[in-house]
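Undergrad: Sequence and predicted model, in that order:
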Amino acid sequence: MSPSVSPRFFSEKEVAKHCSKESCWVLKGTRVYDVTEFIRMHPGGEALILRRCGKDISRELEGPPHRHSENARRWMEQYYIGELDRNSTEHCTETLRQRGSRQEPNETEEDSGISKCNKVNDETDLVDWRKPLAWQVGHLGEKYDAWVHQPVDRPIRLFESDFFEANTKTAWYMVPAVWMPLVIYLSWYCYSLLAQGSTRLFITSDYSILIHKYSFPFIFLVGVFMWSFVEYCIHRFLFHMRPPAHNYYLITLHFLLHGQHHKSPFDGSRLVFPPGIASIVIGAFYLILKQLLPEGLGVSLFVGGLCGYVIYDMIHYYLHYGSPRKGSYLYGLKAYHVKHHFEHQRAGFGITTTFWDYPFNTVIPEQTF
């Protein structure tokens with residue numbers, strides 16, 4: 001809600017009417033929130049919110065099953081729409097200023113509730129959201145790390161140029177549309193190459209192992225598993241590097257690579273990698289594997305890794321926008337990944353699997369009550 005707009009007052013009957021997927025309001029004390037747009041994004045699934053439509057969720061925020069982080073509570077304030085009037089039995093609503101006209105002259109603005117409105121805070125809102133952010137964030141210096149890890153639910157514009165801006169956005173279906181035909185073709189190519197019986201892995205100059213065509217599925221799966229390690233390393237050491245506070249260019253680079261995703265984690269147009277940018281990294285891995293290993297073996301590992309990358313991007317999108325069944329593998333991953341965004345930004349780097357978080361000691365700890 002804009003700081004210049006007085007909050008509305010709602011009767012209990014008015015709040016109770018908004019108890020559906022099309023219009024869902026919840027309470028936190030006397031504060032009213034319209035969380036309709038958040039239902040789909042909720043880590044615990046849509047049903048948990050829908051069961052609490054029109055009700056006070058203060059106890060649920062404290063847990064169990066988990067205590068909501070400060071970032072989650074700050075995020076919720078974006079959906080604040082007004083205050084509950086427990087004394088009203090009317091269906092109509094009124095603004096604070098309308099009510100203020102009937103108040104005693106000595107009642108203060110703080111007493112009436114205006115202070116609860118969202119206001120621009122110079123300590124947190126350090127950029128001009130009306131302008132592209134790419135060239136602003138580098139000036140944040142030592143404030144950048146705290147700012148970028150306070151997520152908001154609003155779109156980000158990175159560049160003034162419409163052309164460059166468009167090239168930073170990708171629909172989720174473009175990833176399988178571009179890369180899966182290549183996965184299918186290279187799988188056929190590798191199997192055919194191995195079927196010729198000429199691909200050998202040399203252990204020494206005198207001893208080699210024949211790579212049989214029937215070993216292709218196993219090599220392919222090893223490639224998928226290798227990707228999970230690459231995914232972890234990229235996410236932890238590149239995407240979550242801490243750029244020096246005095247280095248404008250590294251801060252800007254970090255924001256373009258990953259910081260913008262943490263600042264606006266539900267921007268659906270930036271949840272997967274643009275194929276043009278991804279092709280540079282993918283091409284580099286292809287050339288490395290082809291140089292280090294016999295062609296049949298190297299390309300077989302590569303195509304498995306490429307398939308793993310497609311799975312990663314699709315899972316990552318689903319973890320932000322999907323509603324997995326409670327108790328399922330993806331349900332656990334979604335809850336884990338949301339904790340990474342809202343509370344544990346220096347842990348929980350696995351996306352498709354939490355496997356690598358264990359040996360590298362970056363597992364997000366379970367909450368206890």
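TA: Thanks, I have it.
Undergrad: and after the lowest-mean-pLDDT helix or strand in the chain, which helix or strand comes next?
TA: Per-element confidence for the chain was summarised using mean pLDDT, DSSP states H and E. The lowest value among helices and strands belongs to helix 109-112, with a mean of 34. In the C-terminal direction, the helix or strand that comes right after helix 109-112 (DSSP states H and E) is helix 144-148.
Undergrad: quick one: contacts of that next one?
TA: Counting by CB atoms under 8 Å, 6 or more residues apart in numbering, helix 144-148 makes contact with 124, 126-127, 137-138, 140, 242-243, 245, 251, 255, 259, 262-263, all of which sit outside it. Backbone N, C-alpha and C define where each C-beta goes, glycine included.
Undergrad: ChimeraX command for the buried members of these?
TA: If you want just the buried ones from the contacts of helix 144-148 in ChimeraX, going by 16 or more other CB atoms under 10 Å, the selection is:
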select :126,137,138,140,243,251,255,259,262,263
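Undergrad: Include pLDDT and distance to F302 when you put the contacts of helix 144-148 into CSV, please.
TA: Rendered in CSV, the data for the contacts of helix 144-148 read as follows (pLDDT from 0 to 100; distance: CB to CB, whole Å):
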residue, pLDDT, distance to F302
T124, 54, 44
L126, 90, 43
V127, 91, 40
V137, 96, 35
G138, 96, 36
L140, 95, 39
R242, 93, 31
P243, 95, 31
A245, 93, 38
I251, 97, 33
F255, 97, 30
G259, 96, 29
H262, 95, 30
K263, 93, 33
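Undergrad: which secondary structure elements does the helix or strand containing N71 contact?
TA: N71 belongs to helix 70-76 when assigned by DSSP H and E. Using 3 or more CB pairs under 8 Å, 6 or more residues apart in numbering; DSSP states H and E as the contact definition, the elements that helix 70-76 packs against are helix 329-342.
Undergrad: leaving aside the residues next to it on the chain, what's closest to F202?
TA: Nearest in space to F202, with sequence neighbours left out and distances taken as CB to CB, 6 or more residues apart in numbering, is S208 at 4.4 Å.
Undergrad: Identify each buried residue in stretch 51-61, please.
TA: Applying a neighbour-count criterion of 16+ other CB under 10 Å, the buried positions in stretch 51-61 are R52, C53, G54, I57, E60.
Undergrad: For the host helix or strand of K13, output the C-alpha coordinates as PDB.
TA: Following DSSP H and E, one finds K13 within helix 12-16. Coordinates of the C-alpha atoms in helix 12-16 are reproduced here as PDB (Å, rounded to 0.1, in the frame of the first residue of the first chain):
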ATOM      1  CA  GLU A  12     -15.300  -9.100  10.200                       C
ATOM      2  CA  LYS A  13     -18.100  -9.900   7.800                       C
ATOM      3  CA  GLU A  14     -16.300  -8.200   4.900                       C
ATOM      4  CA  VAL A  15     -13.100 -10.200   5.700                       C
ATOM      5  CA  ALA A  16     -15.000 -13.500   6.000                       C
END
